[in-house]
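# Predicted model and sequence below, questions to follow.
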Amino acid sequence: MEPINRLIENNKQWAAATRERNPRFFDDLEHEQKPEFLWIGCSDSRVPGDILTGTHPGQIFVQRNIANMVIHTDLNLLSVLEYAVNNLKVEHVIVCGHYNCGGVKAAMSNQNFGIINKWVRNIKDVIRLHRDELEAITDEQGRFDRLVELNVQEQVFNLAKTSIIQQAWKNRQGPHLHGWVYGLKTGIIKPLLDMTHEDHVDPIYEFEF
Ligand code: CO
């Protein structure tokens, strides 16, 4: 069977098996979703947030892009964030990076990747911000791993810099922000940092409401 047709066939089997396990599964999800989580992850095919967290359809709202970035001019990300926070009222927003991320690796090099340069430039800013710490790591893989972590941390900070998160923190003391890194080698998620309404970014980023 052609691989593309296999997907359709797999889907039929999945739908039948799911309905067999829970005859109400599709009826319950047909008219509304109430996910508790927003997942901001890398587009990398090896890091599917729902599968590796054992969650089911209806539980995670998802935004994925190259290197799990939170860029303040990205209308796509901002729309997803606003809808998740203000309409779905998710309790948790997770930024999940992963070791050996191709987008992060591209940022460490001086190679020209065309249009992707513009995306990856935001990771180069993370390198510049943390240059001293990164250059002190002599082992190249170690430096790469640390940059993946620092990039996740900066993207969590970027969430906290948005008026969407700041307004929600003021109005409903939520959501919680989480920065995680997934290990391709182990399948294990390593939590790096959490932020709540009691935390603050640099005061210059704080809006008056
Ligand atoms: Co990646």
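Done, it's in.
# Break the chain down into its structural domains.
1-32, 34-205 (automatic domain parsing).
# Distance of I123 relative to A67?
6 Å (CB to CB, to the nearest Å). Bear in mind the C-beta positions are built from the backbone N, C-alpha and C, glycine included.
# Quick check: residues of this protein near the ion?
42, 44, 101 (CB under 5 Å from the ion).
# Where do the helices of the chain begin and end?
Under the criterion DSSP state H, helices of the chain are mapped to 3-21, 25-30, 49-52, 75-82, 102-108, 116-129, 131-135, 140-160, 163-172.
# what's the angle from the longest one to helix 116-129?
Put plainly, it is helix 140-160. Angle between the axes of helix 140-160 and helix 116-129 is 100 degrees (criterion: axes from the mean of the first three to the mean of the last three CA atoms, to 10 degrees).
# close enough to count as contact, L159 and V85?
No: counting by CB atoms under 8 Å, L159 stays clear of V85, with 9.6 Å between them.
# Now for those two: what residues contact both?
93, 165 (CB atoms under 8 Å, 6 or more residues apart in numbering).
# contacting residues for D27?
D27 neighbours (CB under 8 Å, 6+ apart): none.
# Okay, it and A16: tell me how far apart.
Taken as CB to CB, the span from D27 to A16 is 15 Å.
# which residues do I123 and A67 both contact?
103-104, 107, 151.
# residue at max distance from the center of this structure?
Centroid-distance maximum for the chain: M1 at 34.1 Å, with CA atoms, centre = their mean.
# ok, that one - contacts?
Counting by CB under 8 Å, 6+ apart, M1 has contacts E9.
# How about N122?
Neighbouring residues of N122 by CB under 8 Å, 6+ apart: 69, 71.
# re earlier: need the winner for burial among the domains of the chain.
Stretch with highest mean neighbour count among the domains of the chain: domain 34-205 (a mean of 17; mean count of other CB atoms under 10 Å).
# picking up where we left off before, could I get the domains of the chain as JSON lines with mean pLDDT?
Listed next are these as JSON lines, based on pLDDT from 0 to 100:
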{"stretch": "domain 1-32", "mean pLDDT": "95"}
{"stretch": "domain 34-205", "mean pLDDT": "97"}
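# Centroid-nearest residue for this protein?
I40 (1.9 Å).
# hang on, isn't that one packed against I71?
No: contact between I40 and I71 fails when scored by CB under 8 Å: they sit 10.9 Å apart.
# what touches both of the two?
Between them, I40 and I71 share the contacting residues L77, judged by CB under 8 Å, 6+ apart.
# Name the nearest residue to Q166, ignoring sequence neighbours.
If the residues on either side of it in the chain are set aside, Q166 comes closest to F207, at 5.5 Å by CB to CB, 6 or more residues apart in numbering.
# what's the distance between the one you found and I51?
37 Å.
# Next: I66.
20 Å.
# got it, and C101?
18 Å.
# One more: I94?
For I94, the distance to I51 - CB to CB - is 15 Å.
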